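Asks: got a predicted structure here, sequence first:
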Amino acid sequence: MDAPSAAETDTQAEAVASTSGITTASLQQTLTEKLEAKHVDVEDMSGGCGQAFNAIIVSALFEKKNSLARHRLVNSALREEIAAIHAWTPKCMTPEEWEKKQAQ
């Protein structure tokens, strides 16, 4: 049996994304609303199939929380979405931390 062609792979990727309903835009909207985020940048690392995402999330709700508490807050906000995807990597920052990083 031959390996699938790029077109078949792209088609399969689109089918998975359309059935899961998970997109960078949907993740961004949910995070912005549920975490009162000032900045959200979500990147699909799976080539468009909606199964692996990296995110930068900037929210005042992260103030006085360690990394684990921040990730738990994000994972709680995205409970249903995380259950439907393969990999999720958030980077959580307070507005002050984000401003310092941007100034570098």
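Replies: Nice, thanks for sending it over.
Asks: low-confidence stretches in the chain?
Replies: Low-confidence regions of the chain, defined by pLDDT under 70, span residues 1-20.
Asks: can we see that at 50?
Replies: 1-8, 10, 12-13, 16-17 (pLDDT under 50).
Asks: how about the helices in it?
Replies: Per DSSP state H, the chain carries helices over the ranges 6-20, 24-35, 67-77, 79-84, 95-103.
Asks: would you turn those into a markdown table with distance to residue 50 and mean neighbour count?
Replies: Quick note: C-beta positions are derived from backbone N, CA and C, even for glycine. Formatted as a markdown table, the helices of the chain follow (distance: least, C-beta to C-beta, whole Å; neighbours: other C-beta atoms under 10 Å):
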| stretch | distance to residue 50 | mean neighbour count |
| --- | --- | --- |
| helix 6-20 | 4 | 13 |
| helix 24-35 | 8 | 17 |
| helix 67-77 | 18 | 15 |
| helix 79-84 | 8 | 13 |
| helix 95-103 | 26 | 12 |
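Asks: so residue 58 touches residue 32, yeah?
Replies: No. The criterion here is C-beta atoms under 8 Å, and residue 58 misses it with residue 32 at 10.1 Å.
Asks: anything in contact with each of these two?
Replies: Common contacts of residue 58 and residue 32 (C-beta atoms under 8 Å, 6 or more residues apart in numbering): residue 40.
Asks: residue 50 against residue 44, yeah?
Replies: Yes. Using C-beta under 8 Å, residue 50 is in contact with residue 44, at 6.5 Å.
Asks: could you tell me which residues touch both of the two?
Replies: residue 23.
Asks: the two - which one has more neighbours?
Replies: Between residue 50 and residue 44, counting by other C-beta atoms under 10 Å, residue 50 is the more crowded of the two (25 against 19).
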